[in-house]
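Visitor: predicted coordinates and the sequence they were generated for:
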Amino acid sequence: MNKVILLVEDNSSDEKLTLLAFKKCGVSNEVVVARDGEEALDYLFGTGSHAGRDTRVVPTVVLLDLGLPRIDGHEVLRRIRADARTKLLPVVILTSSKEDEDVARGYALGANAYVRKPVDFVEFSQAARTLGLFWLLLNEPPRVGRSPS
Amino acid sequence: MNHLRFHAPLARVRTPGGRTIGADMDRRSAFRNAWQRWGVPVAVIVAAGAFRLWPLQALEARLTWLTFYPAVAVAALYGGLRAGLLGTSLSCLAVLWLLPPLTGQPFIRDSADWLGLAVFAATSILVSGIAETTRRANARAKQAHEETEVANRELQAFSYSVAHDLRAPLRGMNGFAQVLIDDYGNKLDADGQDALQEILLNARRMGELIDALLSLSRVTRSALKPESVDLSAVVRATASRLSTAEPQRTVEVVVQDHLRADLDPVLARTLVENVVGNAWKFTSKVPAARIEFGVAEKDRVRAFYVRDNGAGFDMAFANKLFAPFQRLHTVAEFPGTGIGLATVQRIVHRHGGRMWAEGTVDGGATFYFAFPRRDLGGK
């Protein structure tokens, strides 16, 4: 089964850079991009613009930016954790901020990891590579959204 | 991340007059004002009069004003000048015309009694005046405090958006320049590659500046939690960290033992790291580098000092040392953002202390920082 990554990112440059970084380090998995919090939730729950999507296909990991238009990252995370279908979904906060309050709040809301996007692209690629390696290869994801057969 | 994230400043908005906007708030504060201006004076004077009737009528015509003095003082404290004057008038009215028919005895009979009334009136007006001044000063202080709170909150929101929104475009510039170098570098000649490297270098430097600026603003924002900190130990730890990072350097570090100060431990570490790091950096070009930490009597103040025998500085520029982004050397000579000493000075100021520096070009520099007396001393 192909592992899908959900990237929630509103900045198109950051989106391109993240995809480039994944490509450079050989992460060839499908990356679904949601450009705001609402779209991310629509994708996960098969509503709105993603109505009718097979929600049994659950991303292996969600890379979540915090500063998003309309529904911000913290709220997206809260709703992910509040829903039984996505309660256990691995969520990595990937953001510019390293303010203590943001980090603390992210973990309090149930984030699995918190990564600060470095300004330097070499470091950024490194971070993307490590993230891909860990969450796609090493980590054993919970069986979420799939009914036990 | 193209939107700014300013947190809503304050739910309540104050007009210059100090009145709170909002219909409900308005009604409540109008009622409170009326009560303080009219209700309290009337109530306390009625109480004073009643008290004077019973049980104090046993005094007959002696000490006529006994209960009215404190009553006027209370009215003035609550309602200011106008309430005090109202209380004074009501008291005179009561003594002259209201109490005599109730007690069957006049209180003002001769010139001595009139003198008593005059003294009462003069004292009451004076007390009311003083109460009014105090009330105004308090109101001003309260308003200033609220304005500072709002300004601080706005600064916090501003720093937050700087952290987020300024870094994102920078990452874009740096990232795509790196992509050009990696993937299209072979199509560029040496000048073209050099230009791209310059873009990378500048983006990285701006990233450092943003981080430094944020740490400077964090020093201002965080709450102080002072405790006794062993500065000597912090200096030693910092020096050993620096020498681990640059093992090729030999620096003689001389530390006076057990020097303590009541400081916020996190800020104390930032302070020492910056001052010692500064000395470490500016001794990088002298053969026998030496850094000293101790305490000295300076202008009759006991001050901590960090002394080095490095590049030093011209005393003519001493006032520029602590200003943010001011540098007395080029980045090529000595790297840095020009934020370190500004951060240090802010930390010292936040603890009520003072910071200054002495130095000569190529003769080393000494940085002094002194805190209020009780915080100093050995163990």
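Guide: Arrived safely.
Visitor: look at residue B:136 and give its secondary structure.
Guide: State at residue B:136, reduced to three classes by DSSP: H, G, I helix; E, B strand; the rest coil: helix.
Visitor: skipping its backbone neighbours, what lies nearest whatever residue of the stretch 251-379 of chain B ends up closest to chain A in space?
Guide: In the stretch 251-379 of chain B, the residue found nearest to chain A is residue B:266; the distance is 11.0 Å by C-beta to the nearest C-beta. Where you see a C-beta, it was placed from the backbone N, CA and C, and this is true even at glycine. In space, not counting the residues next to it along the chain, residue B:266 is nearest to residue B:222; the distance is 7.3 Å by C-beta to C-beta, 6 or more residues apart in numbering or on different chains.
Visitor: poorly predicted segments of the chain, please.
Guide: This is for chain A. Residues of chain A that meet the criterion pLDDT under 70 lie in A:1, A:144-149.
Visitor: wrong one, chain B
Guide: Under the criterion of pLDDT under 70, the regions of chain B flagged as low confidence span B:1-23, B:163, B:373-379.
Visitor: related to what we said a few turns ago, what about the residue nearest to residue B:266, how many neighbours?
Guide: 13 (other C-beta atoms under 10 Å in any protein chain shown).
Visitor: again with the one 3 residues further on
Guide: The local packing of residue B:225 (other C-beta under 10 Å) involves 10 other residues.
Visitor: now the strands for the chain?
Guide: All of this is about chain A. A:5-8, A:31-34, A:61-64, A:91-95, A:113-116 (DSSP state E).
Visitor: oops, wrong one, chain B.
Guide: Listed from the start of the chain, chain B has strands (DSSP E) covering B:227-230, B:251-255, B:260-263, B:289-298, B:301-308, B:354-359, B:365-370.
Visitor: which parts of chain A sit against chain B?
Guide: With C-beta under 8 Å from any C-beta of the partner chain as the criterion, chain A comes near chain B at residues A:10-11, A:13-14, A:17, A:20, A:24, A:65-67, A:69, A:95-99, A:117-122, A:124.
Visitor: which ones among the residues you listed map onto helices?
Guide: By the criterion of DSSP state H, membership of the residues of chain A next to chain B in helices covers A:13, A:14, A:17, A:20, A:24, A:121, A:122, A:124.
Visitor: show me how to select, in ChimeraX, the buried members of those residues.
Guide: This is the ChimeraX syntax for the buried subset of these, where burial follows 16 or more other C-beta atoms under 10 Å in any protein chain shown:
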select /A:13,14,17,20,121,124
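Visitor: tell me the most buried of the strands of chain B?
Guide: Between the strands of chain B, strand B:365-370 has the highest mean count of neighbours, a mean of 22, where neighbours are mean count of other C-beta atoms under 10 Å in any protein chain shown.
Visitor: returning to what we had before: in JSON lines, list the strands of chain A along with mean neighbour count.
Guide: JSON lines is the format used below for the strands of chain A (neighbours: other C-beta atoms under 10 Å in any protein chain shown):
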{"stretch": "strand A:5-8", "mean neighbour count": "24"}
{"stretch": "strand A:31-34", "mean neighbour count": "20"}
{"stretch": "strand A:61-64", "mean neighbour count": "26"}
{"stretch": "strand A:91-95", "mean neighbour count": "25"}
{"stretch": "strand A:113-116", "mean neighbour count": "18"}
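Visitor: of these, give the one that comes closest to residue B:126.
Guide: Taking C-beta to C-beta as the measure, these were each checked against residue B:126, and strand A:91-95 came out nearest at 63.0 Å.
Visitor: all helices of chain B, in order?
Guide: Counting by DSSP H, chain B forms helices over residues B:23-34, B:40-53, B:68-93, B:99-103, B:111-161, B:167-184, B:190-221, B:231-245, B:265-282, B:340-350, given from the N-terminal end onward.
Visitor: quick one: closest of those helices to residue A:44.
Guide: It is, among these and with distance given as C-beta to C-beta, helix B:167-184, at 24.4 Å.
Visitor: how about the closest one: buried residues?
Guide: For helix B:167-184, the buried set under the neighbour-count rule, 16+ other C-beta under 10 Å, comprises B:167-181.
Visitor: from the middle of its chain, how far away would it be?
Guide: On the basis of C-alpha atoms, centre = their mean, to the nearest Å, helix B:167-184 sits 41 Å off its chain's mean C-alpha point.
Visitor: also stretch B:247-267?
Guide: With C-alpha atoms, centre = their mean as the basis, the distance from the averaged C-alpha position of stretch B:247-267 to the chain average is 27 Å.
Visitor: ok, stretch A:104-124 next?
Guide: On the basis of C-alpha atoms, centre = their mean, stretch A:104-124 sits 11 Å off its chain's mean C-alpha point.
Visitor: contacts for that stretch next, please.
Guide: Identification of contacts with stretch A:104-124 by C-beta atoms under 8 Å, 6 or more residues apart in numbering or on different chains yields A:14, A:17, A:21, A:64, A:66, A:74, A:77-78, A:81, A:90-98, A:103, A:127, A:131, B:167, B:170-171, B:174-175, B:177-179, B:203-204, B:206-207.
Visitor: recalculate using a threshold of 6 Å.
Guide: Contacting residues not belonging to stretch A:104-124 are listed as A:21, A:74, A:77-78, A:81, A:90-94, A:96, A:98, A:103, A:127, B:167, B:170-171, B:174-175, B:178, B:204, B:207 [C-beta atoms under 6 Å, 6 or more residues apart in numbering or on different chains].
Visitor: quick check: residue B:129 vs residue B:95, distance?
Guide: Taking C-beta to C-beta, to the nearest Å as the measure, residue B:129 falls 22 Å from residue B:95.
Visitor: more crowded one of these two?
Guide: Neighbours were counted for residue B:129 and for residue B:95 using other C-beta under 10 Å; residue B:95 has more, 22 against 15.
Visitor: how close does residue B:86 get to residue B:128?
Guide: From residue B:86 to residue B:128 the distance is 9 Å (C-beta to C-beta).
Visitor: my bad, should have said residue B:328
Guide: From residue B:328 over to residue B:128 (counting by C-beta to C-beta), the distance is 59 Å.
Visitor: now the helices of chain B as JSON lines including distance to residue A:107?
Guide: Supplementary listing: the helices of chain B in JSON lines, determined by distance: least, C-beta to C-beta, whole Å:
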{"stretch": "helix B:23-34", "distance to residue A:107": "38"}
{"stretch": "helix B:40-53", "distance to residue A:107": "53"}
{"stretch": "helix B:68-93", "distance to residue A:107": "50"}
{"stretch": "helix B:99-103", "distance to residue A:107": "73"}
{"stretch": "helix B:111-161", "distance to residue A:107": "18"}
{"stretch": "helix B:167-184", "distance to residue A:107": "21"}
{"stretch": "helix B:190-221", "distance to residue A:107": "20"}
{"stretch": "helix B:231-245", "distance to residue A:107": "28"}
{"stretch": "helix B:265-282", "distance to residue A:107": "20"}
{"stretch": "helix B:340-350", "distance to residue A:107": "28"}
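Visitor: of all those helices, which one is nearest residue B:295?
Guide: Comparison of the helices of chain B against residue B:295 by C-beta to C-beta identifies helix B:231-245 as nearest, at 9.1 Å.
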